[in-house]
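S.K.: structure of the sequence below:
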Amino acid sequence: MEDLSLHILDIAENSIAAGARRIAVSIEEDRKNDRLTLEIADDGRGMDEDTLKMVADPFYTTKTVRRVGLGLPLLKQSAEECEGSFSVTSEKGRGTTTTAVFRLGHIDRKPLGDMGATFVVLIAGNPSIDFSLVYRSDGYAYRFDTAEIRQDLGEIPIQSPSVLKLMRKDIDDGVRKGAAQIA
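M.R.: Numbers count the residues shown, from 1 in each chain. Predicted structure coming up:
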């Protein structure tokens, strides 16, 4: 995967397949400590201990349509190649949290990618699921939450093209403003 937004998309799709009703993404860029932390948490079915032990094995997957699962192993590899770390915690019936930490200034660290497009794809395809994004960068914080937006919209469907367009712009502007802090 070429950027972190694609990893987020992959993990969110796994969360949806696991019955998640809420998926929370947190991104923190910490220039002082040269760290970028990505966390994706869901309230899906969670994993048992045996499955949890296998999440970073590319030849293990719970999917029946193919025999490999590369999403999490590739994210783990990306984090570790950038002097970072990777972990997955999960509890059966309570959900899963995936965390990847990268050295922010590492030459091989993948870019964030198109967060606006990633979230719009997730929301358009799964309008009944709540998605949130918290993006922090050296004192700056941006927050996006479809549960709040849905309340403000009233009867207007969240997957309406005009709403999706506004949400994408808001996410793009929010992340761009924070990224400008580090540039």
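
S.K.: now for this protein, the helix or strand with the poorest mean pLDDT.
M.R.: helix 49-54 (a mean of 80; mean pLDDT, DSSP states H and E).

S.K.: can you name every helix or strand that it contacts?
M.R.: Judged by 3 or more C-beta pairs under 8 Å, 6 or more residues apart in numbering; DSSP states H and E, the packing partners of helix 49-54 are strand 85-91. To be clear about C-beta, it is placed using only N, CA and C from the backbone, and glycine gets the same treatment.

S.K.: so what's the residue lying farthest from the centre of the chain up against?
M.R.: The outermost residue of the chain relative to its centre, with distances by C-alpha atoms, centre = their mean, is E155 at 27.7 Å. Going by C-beta atoms under 8 Å, 6 or more residues apart in numbering, E155 touches no other residue.

S.K.: just the pLDDT for it.
M.R.: Per-residue pLDDT puts E155 at 94.

S.K.: surely it is in a strand?
M.R.: No. Under the criterion used here (DSSP: H, G, I helix; E, B strand; the rest coil), E155 is coil, not part of a strand.

S.K.: if we can go back for a sec, residues of the least confident helix or strand of the chain that come out buried?
M.R.: L52 (16 or more other C-beta atoms under 10 Å).

S.K.: just checking, next helix/strand downstream of it?
M.R.: helix 71-81 (DSSP states H and E).

S.K.: quick check: angle from that next one to strand 85-91?
M.R.: Counting by axes from the mean of the first three to the mean of the last three C-alpha atoms, to 10 degrees, helix 71-81 lies at 140 degrees to strand 85-91.

S.K.: ok, the residue positioned nearest the centre of the chain to E91 distance?
M.R.: Nearest to the centroid of the C-alpha atoms of the chain, with distances taken as C-alpha atoms, centre = their mean, sits I8, at 3.3 Å. Separation of I8 from E91 (C-beta to C-beta, to the nearest Å): 21 Å.

S.K.: check H7 too.
M.R.: 22 Å.

S.K.: and L112, by the same measure?
M.R.: 29 Å.

S.K.: comparing those two, which residue is more hemmed in?
M.R.: Shown here are L112 and E91; by other C-beta atoms under 10 Å, L112 has more neighbours (20 against 14).

S.K.: can you name the residues that contact that one?
M.R.: With C-beta under 8 Å, 6+ apart, L112 has these contacts: 3-5, 27, 175, 179.

S.K.: quick one: which of those is nearest to Y140?
M.R.: A179 (9.3 Å; C-beta to C-beta).

S.K.: so what's the residue count around the residue lying closest to that closest one once chain neighbours are set aside?
M.R.: Counting by C-beta to C-beta, 6 or more residues apart in numbering, S137 is the residue found nearest to A179 once chain neighbours are left out, at 6.7 Å. By the measure other C-beta under 10 Å, the count of residues near S137 is 21.
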